[in-house]
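Engineer: Build the 3D model from these lines:
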Amino acid sequence: MRKIIILGVIILLALILWGVTYYLAPVEKEAERNTLQEKAGIFAKGVYLRGRSEGNLSWEISSDKLSIDLRYKHFVFEEKVQGRVYRDKNLSLYIKTEKAEIDKDKNVLKIPGELYFETEDGFRGEAPEGIWYFDSGIFVSTKGRVKFEKIGEFSAESDIFRFYTREGRAEFEGNVAIEAFY
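Structural biologist: I've put the predicted structure just below:
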């Protein structure tokens, strides 16, 4: 009889410990964590997206490949990426690169690698990277030398380039070197 009581107590303690471990590390939470660490849930090829502001075309982007996370917060465009920003229904900024990322939480378009750009007032150039802020309409490149020119007028380099797409205004700063054409 004593052996049966001891065996019953051991089994009861084992069941209690097993139940406690369930609350300390539930199976559902572990499965949920693995789901959130998955890669993008949506993939597309030959993509063309547009954004509107107050009914007018604000921006558009196209690429050969697109992947989007499961919460629609992070878009990654790859291969032959072309972006356009509009102001008053006219093209304000054109960008060409191999990779771009939209982060909807931060409301930005990041271009982590080399890009080519053209502005509405005749500037064109190359930059090692860039960010376009949707809310303010400002395009900025601050990491490395930006090369730019205005055809027939000058060529230049600077450490920082800002283009205000709503105003059509460009700013250059940091070790600016300009070569004027006469």
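Engineer: In the protein, what residue spans correspond to strands?
Structural biologist: 42-53, 56-68, 74-87, 90-103, 108-111, 115-119, 123-127, 130-133, 138-141, 146-150, 154-158, 160-164, 169-173, 177-180 (DSSP state E).
Engineer: would a markdown table of the ones you listed with distance to I4, mean neighbour count and mean pLDDT be doable?
Structural biologist: Placement of C-beta: from N, CA and C, glycine included. Below are the strands of the chain laid out as a markdown table (distance: least, C-beta to C-beta, whole Å; neighbours: other C-beta atoms under 10 Å; pLDDT from 0 to 100):
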| stretch | distance to I4 | mean neighbour count | mean pLDDT |
| --- | --- | --- | --- |
| strand 42-53 | 60 | 12 | 86 |
| strand 56-68 | 61 | 18 | 90 |
| strand 74-87 | 60 | 19 | 90 |
| strand 90-103 | 64 | 18 | 90 |
| strand 108-111 | 69 | 20 | 91 |
| strand 115-119 | 78 | 20 | 89 |
| strand 123-127 | 80 | 20 | 90 |
| strand 130-133 | 73 | 20 | 89 |
| strand 138-141 | 77 | 22 | 89 |
| strand 146-150 | 83 | 20 | 89 |
| strand 154-158 | 87 | 17 | 90 |
| strand 160-164 | 82 | 21 | 88 |
| strand 169-173 | 86 | 15 | 86 |
| strand 177-180 | 92 | 10 | 90 |
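Engineer: Enumerate the beta-bridge partners assigned to the residue nearest to V81 when sequence neighbours are not counted.
Structural biologist: The spatial neighbour of V81 that comes closest, neighbours along the chain excluded (C-beta to C-beta, 6 or more residues apart in numbering), is S63 at 4.3 Å. Under the criterion DSSP bridges, S63 forms beta bridges with V47.
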